[in-house]
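*Asks:* fold the following for me, if possible:
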Amino acid sequence: MWLSPGVGLGANALWVTERANPFFVLQRRRGHGKGGGLTGLLVGTLDVVLDSSARVAPYRILHQTQDSQIYWTVASGSSRKEITKHWEWLENNLLQTLSIFDSEEDITTFVKGKIHGIIAEENKNLQPQGDEDPGKFKEAELKMRKQFGMPEGEKLVNYYSCSYWKGRVPRQGWLYLTVNHLCFYSFLLGKEVNLVVQWVDITHLEKNATLLFPESIHVETRDQELFFSMFLNIGETFKLMEQLANLAMRQLLDSEGFLEDKALPRPIRPHRNISALKRDLDARAKNECYRATFRLPRDERLDGHTSCTLWTPFNKLHIPGQMFISNNYICFASKEEDACHLIIPLREVTIVEKADSSSVLPSPLSISTKSKMTFLFANLKDRDFLVQRISDFLQKTPSKQPGGIVGSRKASVVDPSTESSPAPQEVSEQPASPASPLNSHQSFCVQEVPTASQGLLKLFQKNSPMEDLGAKGAKEKMKEESWHIHFFEYGRGVCMYRTAKTRALVLKGIPESLRGELWLLFSGAWNEMETHPGYYTELVEKSTGKYSLATEEIERDLHRSMPEHPAFQNELGIAALRRVLTAYAFRNPTIGYCQAMNIVTSVLLLYGSEEEAFWLLVALCERMLPDYYNTRVVGALVDQGIFEELTRDFLPQLSEKMQDLGVISSISLSWFLTLFLSVMPFESAVVIVDCFFYEGIKVILQVALAILDANMEQLLGCSDEGEAMTVLGRYLDNVVNKQSVSPPIPHLHALLTSGDDPPVEVDIFELLKVSYEKFSSLRAEDIEQMRFKQRLKVIQSLEDTAKRSVVRAIPVDIGFSIEELEDLYMVFKAKHLASQYWGYSRMVASRRDPSLPYLEQYRIDASQFQELFASLTPWACGSHTPVLAGRMFRLLDKNKDLLINFKEFVMGMSGMYHGDLTEKLKVLYKLHLPPALSPEEAESALEAAHYFTENSSSEAVPQEEQEGSGSEDVQEKRGEEKGTSSPDYRHYLRMWAKEKEVQKETIKDLPKMNQEQFIELCKTLYNMFSEDPMEQDLYHAIATVASLLLRIGEVGKKFSARTVRKPRDCATEEDEPPAPEPHQDTAREHQPPAAGDPQAKAGGHMHLGKVPHESQVVVEAGSGEGEGSPSQPLSDDETKDDMSMSSYSVVSTGSLQCEDLADDTVLVGGEACSPTVRTGGTVDTDWCISFEQILASILTESVLVNFFEKRVDIALKIKDQKKVERQFSTASDHEQPGVSG
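*Replies:* Purely as a prediction, here's the structure:
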């Protein structure tokens, strides 16, 4: 690349001059390329250890004048090709002009001006790409691509100097972290280390310090362990590695690739060595932390934060902390963890004003809200800029939205006592939307039902006054009073000051009347509900009457949701639950519906309206319990791993016993997925849910540890899993809430675990108190760190399970061993993932859908298959390989969706590697018939279908039968199209039965081959043999076989001409060929399309339109790309004489290189050519041959039999494929090839 001219040293021990002229010198750096000796080794080592960018430019061009000692660097290059291009440009464009100048100073000025002009022109073309990475960083990225053979699509995030421990020796070098790979390069005294690891392959990543290694980063994959140490900033490096590995796991989980965030604010002055991607990832990490801390919606982006103090009126103090500002919120977090948290939605803000500064209160800022609360911030560093940002965001905040709808919702929550009487009537008077469709399970609109405005508990609980409940009622009243005093001091609603006192009140239990409101506030669901008015109603209308797998599962589980509670023993509660679950499944199809969601949602409906329950469910599934409710409950498995780790740390003596019994995996899923609601009495579990909405997952883990701790002695005495489960089950059944004012609800689980001894009751508040006393050292940040470590383990173990499931789904008779199949699967998966992150598969269908069966999750398209085929096939055909790969892909792609799954891929590979000669030839034969042939020929095959009179294949149906069954198919389709009607399972049973039938294809089922197809087959065989050690013998054998088959075809043509109105049967191998007259006109007509005659192709199409034949198995319209009859030259040099021969070009004597074959009678009448040959090289339309005839002919040549029966070890090819997976180019003198689409 051209460089801005800078002064440099010319004569230098580190550089060797390769070319020179009066004005320029081209130099190569020692240690690059061949030779160099000890000096070269030392220079190479210094380059790597001291300066990462030094090896980027192993070539440079200097400008010099004769009398000057100063050299100016004008260009550098990573390859000889690149630098030679620059050198030639200088020689062609500047040398002549420079010789005109008299003054050397003028020459230098002119050169510098010209180079600056070229650079400016290049930069102008690059500007639309957005903000540029700094120059030094670009050099490092260039080096990374060059060194590791990465394509343009692979972006470097950052690079660090460090040591890689190979054995006990540290290798100093550079660690490159790209979006999809971890790469390391070191060059020490001639020893080179080149490491490339995909993030998706990493199973363990941690920062540790041992006696052997200093503080290091430990990276583990399935087959290797790597240690890196001696970082300048190990914390920053590890944090970035964590983020990139997390993104890779997310990609494995739900195909969500990395996308640069274009909405991020760009810095005014870009940092010298920080890439745009690194800034993007840093911003993502801050955003995630910000949203998690304040429970904000997922689309909220942090704009900035600053240190300040907040005046807290409840204790008359200025609390130091940080103010955070984003698009829709101003938040504050105190330095002390529990001192104060505050969230101010901008939609609530009425006034923002700068107050007068004083020595006591420097730079104060006052913010007032609609709820008549005023917040006073002080000690703000850049107050004016801050006020400007807030006012900018306020202008973008919609003003109408909070006025009407939100105001009325707020009133209903602030004063819950008004909800029970007039609210339902007021809501029901609103006219229903005329466009809203009626649900098949309901005959009313959502707004009209009682659950639209209040929780089920209020509807089903007897309104007995608190006085009648005695001590319990008095306790409940005291709780309510405590909360009302708290609201008075700390504020009520979203803008409440959240302090240690708030947590203490939550731990004492939230009163029934305030539970719904406080759950909404603490979970952050309130904010999402306020900003999306009408969203739930719209979702219900859209999802009504829609049928899917999720709705079917919901219907099945509706009556299993808290059946003991009176609210769900009638249609009102069931209908509300149905609407909320269906609306959520419609909102988030990736989750849809998962078991346990029904139990949690039913509890949410008890304390809130349908809309409130819906938004609480959104908060749970999408923010508070991430990935818990997807198809593989990954989040719950991750937290189960954390629970095991915490058990080891806090209860070491119990941990080993629990591991032996295998109890933790059994208990934790039900505890975590349902937040203890399914294993504890309802009135006790709901107290844990109170704390969960305030504290998050930390509470669930603390309580789980406290339960194990309380039962330690009994668990240590258990002999098996069942006994341990009984102990824990009995304990949980007897966790009681003595303060509950609700009538006791029988707990079904208790009936199963009752024993002889009277149970010991455990108070839920006592259990919570113990859990906080013993295990309160748990911090949210530590849990997130542990979640990352466990996520790697869980997702990789799920991937291993998927691999085993896919391998098990492959038929046993496939021929590959389990190990070979697993290796093939990893190669196949890597190819699919490469398309995801390097973006060269443009098909939407190729995106992985985790809801599909394991076998269908990874699929590849034609171009990816072509790459795999070329590296794995035992039938290497040189330049003809891509054509053969295209045909194989079309043959395997049975459903014509232009994608093949792993099973189809393995079937194709097996056909080439396993089976006897007949099976392998069968595959090769099919590759030269439709649908494997190119699209043009396949279309002709469609025309030919009109002429088929008989068809004995199991796949095709005679026309009469098709017509007869047409109406039945239409009826079945119509039945399936109706969303509400159940599908016709008999249809699926019939399909399943058909699939189960063993359909063994015999050689008689294979269709006949016409002349054009036969020519293509011969061409493939010719190319296949070109690299074999027995090349000459194979050519001789195929010449013999081809000649014999051409004669047989001619005899068959003559024989079929005698038959009248009868499907043609070609002559069998037993028929003795008659006199040679029929062959006299075959000399020219057998020249393949490779000879360059366009009529050959046309003749083939004409012919296909006329061929009737039996046993059609594979005639379908092919699709895809590729030429069936490519016009590339034959691969050997000897074929240059072919065009002068009159015999069949593929088996000409010129191609055989055998003098004794010149007059061999096996060749098709080369010299005996009659003057009546056809002109134009058209293909004989009446000629055909059967598979049996080809097989019989090949069996006569032992060299051909040996070639096809020779065993090839696929393991070696897989090993090579893994090596070159990312190494597109290693030679420095070649450009990187672009990735094909």
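
*Asks:* helix or strand right after the lengthiest helix in the chain?
*Replies:* In the chain, with assignment by DSSP state H, the single longest helix is helix 780-809. Once the chain leaves helix 780-809, the next helix or strand it forms, by DSSP states H and E, is helix 818-838.

*Asks:* quick one: buried residues of the longest helix of the chain?
*Replies:* Neighbour-count burial for helix 780-809, with 16 or more other Cβ atoms under 10 Å as criterion, is recorded at 783, 786-792, 794-796, 798-799, 802-803, 806-807. C-beta coordinates here come from the backbone N, C-alpha and C atoms, glycine included.

*Asks:* and for stretch 274-289?
*Replies:* Neighbour-count burial for stretch 274-289 [16+ other Cβ under 10 Å]: 274-284, 287.

*Asks:* and those, which is the shakiest by pLDDT?
*Replies:* Within the buried residues of stretch 274-289, Ile274 has the lowest pLDDT, namely 71.

*Asks:* wait, that residue sits on Phe137?
*Replies:* Yes - counting by Cβ atoms under 8 Å, Phe137 is a contact partner of Ile274 at 7.5 Å.

*Asks:* so which residues of the stretch 551-700 of the chain form helices?
*Replies:* 571-587, 597-607, 610-619, 634-650, 652-661, 663-673, 682-695, 697-710 (DSSP state H, counting those that start in this stretch).

*Asks:* which residues does the second one contact?
*Replies:* So that's helix 597-607. 451, 455-457, 512, 515-516, 519, 554, 557-558, 560-562, 565, 567-568, 573, 576-577, 580-581, 584, 612-613, 616-617, 620-621, 629, 674-675, 677-678, 682, 686, 689 (Cβ atoms under 8 Å, 6 or more residues apart in numbering).

*Asks:* redo that, cut-off 7 Å
*Replies:* Applying Cβ atoms under 7 Å, 6 or more residues apart in numbering, the external contacts of helix 597-607 come out as 451, 455-457, 515-516, 519, 557-558, 560-562, 567-568, 576-577, 580-581, 613, 616-617, 620, 629, 674-675, 677-678, 686, 689.

*Asks:* then the first one?
*Replies:* In this structure, residues lying in contact with helix 571-587 by Cβ under 7 Å, 6+ apart are 441-442, 446, 449-451, 456, 536, 539-540, 542-543, 546, 550-551, 554, 558, 561, 567-568, 592-593, 597-598, 601-602, 605, 610, 613-614, 617.

*Asks:* pull out the buried members of these.
*Replies:* 442, 446, 449-451, 456, 536, 539-540, 543, 550-551, 554, 558, 561, 567-568, 592-593, 597-598, 601-602, 605, 610, 613-614, 617.

*Asks:* the spatially closest residue to Asn21 that is not a sequence neighbour: how many residues sit nearby?
*Replies:* Spatial nearest neighbour of Asn21, excluding adjacent residues (Cβ to Cβ, 6 or more residues apart in numbering): Leu95 at 6.6 Å. As a burial measure, Leu95 scores 13 neighbours (other Cβ atoms under 10 Å).

*Asks:* pLDDT on the helix or strand Leu244 falls within, on average?
*Replies:* Using DSSP H and E, Leu244 falls within helix 234-254. Across helix 234-254, pLDDT averages out at 88.
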